[in-house]
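# no FASTA, just this:
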């Protein structure tokens, strides 16, 4: 019997996501950007809601290409607000557009997103306890992201994003996906 994190039991989408994606170290800047936006949309909702809508989000957000999103205006916000395939929150949509601007400003200043994110753990996944909702790296990165103009990046959201992207290894101790001590 495969033992996994308790949260991954009960729905096939959660189990598949856990087993194939969650906690896998992600070092691609664009993929980290996408997952940060999705974690922001998840605020106040269950992750399964976002998983069920992820393909719709990818279509609606032009594959999460920052250069495209940064060029959006009010017409695009209205288009997204009418899209039943995504979570329709004007504040979260505006934040996603702002994320694109912040991401590109970092890039244009010579600060690549993935190395920036990974610098908060010295490039090596930080070991969590399997039950954390916040962490020192997440708290510090939250502050740094806010300073660069990102929104919906409080310490709980950032910690969840870092877990999902493998920057923090927070699989429960008995989980088959937890890396060796």
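Ah, there it is. On a predicted model such as this, the values are computed, not experimentally measured, just so you know.

# Look at residue 123 and give its secondary structure.
With DSSP: H, G, I helix; E, B strand; the rest coil as the basis, residue 123 sits in coil.

# ok, now how distant is it from residue 109?
The gap separating residue 123 from residue 109 is 20 Å, by Cβ to Cβ, to the nearest Å. Bear in mind the C-beta positions are built from the backbone N, C-alpha and C, glycine included.

# So which of the two has more stuff around it?
Neighbours per residue, other Cβ atoms under 10 Å: of residue 123 and residue 109, the larger number sits with residue 123, 11 against 8.

# Let me know the pLDDT of that one.
Here the pLDDT value assigned to residue 123 is 97.

# One more: residue 180?
Confidence at residue 180, expressed as pLDDT, is 66.

# Wait, a strand at residue 75?
No - secondary structure of residue 75 (three-state DSSP): helix, not part of a strand.

# okay, now it: neighbour count?
8.

# Please enumerate the helices of the protein.
Using DSSP state H, the helices of the chain run over 12-20, 29-42, 47-60, 66-70, 74-81, 90-108, 113-118, 136-147, 155-164.
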